[in-house]
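# just coords:
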C-alpha cells in the first residue's frame with residue numbers, strides 16, 4: 001500500500017512528463033556548466049529556493065481546506081465536503097505517492113528534477 005519515499009512521485013508520474021522534466025534538467029545543467037562555476041553556484045542557489053511537488057501540494061491543499069471551511073461556515077454547509085476530499089487526497093499522497101492533483105503539478109513543472117539536477121551540477 002505504501003511506496004518508497006525517494007521514488008514515489010516519479011513512479012506515479014506519466015513517463016513522458018518524467019522524461020521532459022529530466023531532459024530540461026539536463027539542459028539546464030549543461031548550460032550552467034558551460035557558463036562556468038559562478039553560474040553553477042547561482043543555479044544551486046536557485047534550486048535551494050525552488051519548491052518541490054510536496055510543498056506545492058501542501059500549499060494548495062491547505063488553501064482549499066481553509067476556503068472550504070470558510071465557505072462551509074459562511075455560505076453553505078455543503079462546502080465542508082471540500083476539505084474532506086482534499087485531506088483524503090493528502091492521505092492518499094502520503095501513503096501511495098499519488099493523488100489526483102499530482103499530475104497537474106508535475107505538468108506545470110512544480111518539483112522538477114531537483115535532486116538529479118543538484119547532484120549533476122556538483
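Thanks, I have it. Because the structure is predicted, anything quoted here is derived from the model rather than measured.

# In stretch 24-31, which residues are buried?
Across stretch 24-31, burial judged by 16 or more other C-beta atoms under 10 Å covers 25, 28, 29. C-beta: built from backbone N, CA, C; applies to glycine.

# how far away is the second one from residue 87?
Spelled out, it's residue 28. 35 Å (C-beta to C-beta, to the nearest Å).

# Can you name the residues that contact the residue minimising distance to the centre of the chain?
The centroid of the chain falls nearest to residue 53 when counting by C-alpha atoms, centre = their mean (1.1 Å). By C-beta atoms under 8 Å, 6 or more residues apart in numbering, the residues touching residue 53 are 9, 102, 105, 106, 110, 111.

# burial of the first one, as a residue count?
Right, residue 9. 21 (other C-beta atoms under 10 Å).

# now the third one
Residue neighbour count, defined by other C-beta under 10 Å, stands at 21 for residue 105.

# phi, psi of it?
Per-residue torsions, residue 105: phi -60, psi -40 (degrees, to the nearest 10).

# where's the nearest residue to it once chain neighbours are set aside, which helix or strand?
Using C-beta to C-beta, 6 or more residues apart in numbering and skipping the chain neighbours, the partner closest in space to residue 105 is residue 56 (4.9 Å). Here residue 56, judged by DSSP states H and E, is contained in helix 53-74.

# Quick check: residue 109 touching residue 21?
Yes: using C-beta atoms under 8 Å, residue 109 is in contact with residue 21, at 7.4 Å.

# what about these two, which has more around it?
residue 21 (21 against 14).

# Could you measure from that one over to residue 66?
30 Å.

# Residue 22 now?
35 Å.

# so how far is residue 89 from residue 69?
Counting by C-beta to C-beta, the gap from residue 69 to residue 89 is 16 Å.

# Ok, residue 80 next?
Applying C-beta to C-beta, the value for residue 80 to residue 89 is 16 Å.

# Neighbour count: these two, which is higher?
Ranked by neighbour count (other C-beta under 10 Å), residue 80 and residue 89 place residue 89 first, with 18 against 13.

# I'm done for today, thanks for sticking with me.
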